[in-house]
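> For reference, the sequence and a predicted model appear below.
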Amino acid sequence: MSAAGEGARAVPGVTARLSRGTWAALVVLLTGALCMALAGNLPWLVKFPEAWALPMTQWVGQGMEWLLGLMKPAMRLVSAGLGVVMAAVNWLFNALPWPVLIGLVTGFGWWAGGLRLAALGGIGMSLVLASGYWTESMNTLSLVAVSVPLALIAGGAVGILAYEFPRIKGLVQGIMDVMQTVPTFAYLTPLLLLFGFGPVVGLIASAIYAAPPMARNVLLGLERVESDIKEAAIMSGGTRLQQLFLIEIPAAKTQIMVGVNQCLMAALSMVIIAAVIGGFEDIGWEVLLTMRKAQLGPSLLAGMVIVVFAVIIDRMSLHLAMTRERH
């Protein structure tokens with residue numbers, strides 16, 4: 001009798017769980033059938049009338065015009081400053097003799113990971129030189145070299161703020177989700193209007209795309225710092241800034257270096273999209289130009305140069321993160 005009672009009590013639970021989905025399906029089916037049955041007399045049940053649509057386009061346009069009028073002068077000033085910095089870095093990369101630059105990359109690989117990374121850096125840069133796209137590659141490196149520090153600073157600051165003020169953590173994560181979810185072309189037009197056409201727009205777009213991975217990893221690294229370390233930082237008697245920058249951030253350095261790796265890769269992945277709005281004879285522009293002309297060979301070769309850079313940057317930065325973890 002008790003077993004039968006338990007079975008009887010179990011059935012309603014299963015039925016209740018199933019009934020929610022069943023009822024939802026029935027409601028949808030009945031609503032659809034009702035709309036189709038009344039479509040002749042009430043066509044608006046099937047097709048939403050355009051006259052009922054809100055003037056969202058007009059509202060968004062007016063809002064953007066107001067925002068552009070407010071921010072455009074300051075953003076053009078920022079654009080000019082970043083343009084000077086980027087031009088200086090671009091000049092430096094192009095002024096360095098190719099043996100010096102290949103030697104620097106090879107030496108950095110030796111310092112970061114020994115013979116294998118040194119060989120990877122030397123062979124990879126030699127392939128870039130042999131491809132005939134050396135100047136274009138240096139222009140691309142100048143864009144990455146300026147956009148990545150911007151993304152690291154912005155992303156690191158956002159991650160620290162989200163860690164220090166837990167109340168805004170959800171808001172920050174939501175904003176980062178939007179930044180990584182919204183198609184890149186959706187915010188290219190506002191950037192063009194704010195900063196003007198040119199390589200600086202591509203630089204800003206790359207920094208915006210590369211900042212969220214850094215912010216997420218900084219936040220994750222700080223949250224994973226062991227409680228014993230945090231308690232020791234408090235007992236040391238230093239200020240909150242001293243505890244954060246002298247103890248907690250160094251303790252989270254492994255995860256932060258992973259963020260640096262992801263930031264570098266995200267910035268490099270933007271070079272072709274950046275060429276659409278601010279091409280300046282970099283390797284992304286070469287890929288785009290040869291694709292438009294349906295030149296398969298040059299397009300593939302230029303794309304392989306980007307792949308070589310990606311492999312070198314990824315292996316070296318990731319090895320640095322792993323080395324820091326062992327120490």
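That came through, no problem.

> just the helices in the stretch 51-200 of the chain please.
56-95, 98-113, 115-131, 134-164, 169-181, 188-195, 199-223 (DSSP state H, counting those that start in this stretch).

> so which of these is the most packed in?
Greatest average neighbour count among these goes to helix 199-223 (a mean of 24), per mean count of other C-beta atoms under 10 Å. Every C-beta, even on glycine, is put in place using the N, C-alpha and C of the backbone.

> Disregarding flanking residues, what is the spatial nearest neighbour of residue 266?
Excluding its sequence neighbours, the residue lying closest to residue 266 (C-beta to C-beta, 6 or more residues apart in numbering) is residue 210, at 3.9 Å.

> From residue 261, how far off is the one you found?
11 Å (C-beta to C-beta, to the nearest Å).

> hmm, who's touching the helix or strand containing residue 276?
Secondary structure from DSSP states H and E places residue 276 in helix 271-278. The contact list for helix 271-278 (C-beta atoms under 8 Å, 6 or more residues apart in numbering) reads 140, 143-144, 184-185, 188, 191-192, 197-203, 205-206, 282-285, 287-288, 306.

> what distance separates that helix from the middle of the whole chain?
Put simply, helix 271-278 sits 15 Å off its chain's centre (C-alpha atoms, centre = their mean, to the nearest Å).

> Chain neighbours aside, what residue packs nearest to residue 270?
In space, residue 270 is closest to residue 206, 4.1 Å off (C-beta to C-beta, 6+ apart).

> can you check residue 158 too?
Leaving aside its chain neighbours, residue 158 sits nearest to residue 215 (4.2 Å; criterion: C-beta to C-beta, 6+ apart).

> give the contact list for the one you found.
154-156, 158-159, 162, 172, 176, 259.

> repeat that with 10 Å
Listed by C-beta atoms under 10 Å, 6 or more residues apart in numbering, the contact set of residue 215 reads 151-152, 154-162, 172-173, 175-176, 179, 259, 263.

> quick one: the helices in the stretch 201-327 of the chain?
227-235, 240-243, 249-251, 253-269, 271-278, 283-292, 296-326.

> Least confident of these, on average?
Least confident of these, judged by mean pLDDT, is helix 271-278 with a mean of 75.

> quick one: contacts for residue 37?
residue 45.

> same question but for residue 265, I mixed them up
Residue 265 sits next to 210, 213, 310, 313-314, 317-318 when contact means C-beta under 10 Å, 6+ apart.

> Please apply the same query to residue 95.
Applying C-beta under 10 Å, 6+ apart, we find residue 95 in contact with residue 138.

> What score does the closest residue to residue 301 other than its chain neighbours have for pLDDT?
Excluding its sequence neighbours, the residue lying closest to residue 301 (C-beta to C-beta, 6+ apart) is residue 131, at 5.7 Å. pLDDT recorded at residue 131 is 87.

> Residue 131 contacts residue 308, correct?
Yes: contact status for residue 131 versus residue 308: in contact at 8.5 Å, counting by C-beta atoms under 10 Å.

> Overlap in contacts, those two.
Shared contacts of residue 131 and residue 308 (C-beta under 10 Å, 6+ apart): residue 137.

> domains of the chain?
As given by automatic domain parsing, the domain ranges for the chain are 2-50, 60-95+132-326.

> would CSV of those domains with distance to residue 126 be doable?
Shown next, in CSV, are these (distance: least, C-beta to C-beta, whole Å):
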stretch, distance to residue 126
domain 2-50, 61
domain 60-95+132-326, 10
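
> Distance check, the residue nearest to residue 158 against residue 208.
12 Å.

> in stretch 235-252, what counts as buried?
For stretch 235-252, burial by neighbour count (16 or more other C-beta atoms under 10 Å) applies to 243-244, 247-249, 251-252.

> And for stretch 265-283?
Using 16+ other C-beta under 10 Å as the test for burial, stretch 265-283 gives 265-280, 282-283.

> pLDDT weak spots in the protein?
Scanning the chain for pLDDT under 70 picks out 1-18, 278-279, 323-327.

> got the contact list for residue 78?
71, 194-195, 200, 204.

> same question, residue 319
Contacts of residue 319 by C-beta under 10 Å, 6+ apart are 109, 112-114, 116-117, 120, 257, 261.

> same thing but at 6 Å, please
Going by C-beta atoms under 6 Å, 6 or more residues apart in numbering, residue 319 touches 112-113.

> Equivalent analysis for residue 173, please.
Taking C-beta under 6 Å, 6+ apart as the contact definition, residue 173 lies against nothing.

> can you rerun that using 10 Å?
Counting by C-beta under 10 Å, 6+ apart, residue 173 makes contact with 162, 212, 215-216, 219.

> which of the residues you listed lies closest to residue 47?
Using C-beta to C-beta, residue 212 comes nearest to residue 47 of the contacts of residue 173, at 39.1 Å.

> For the closest one, which non-adjacent residue is closest in space?
Residue 212 sits nearest to residue 176 (C-beta to C-beta, 6+ apart), 4.1 Å away.

> separation between the closest residue to residue 179 other than its chain neighbours and residue 259?
Setting aside the residues directly before and after it, residue 179 is nearest to residue 212 in space (C-beta to C-beta, 6+ apart), at 5.2 Å. Per C-beta to C-beta, residue 212 is found 10 Å from residue 259.
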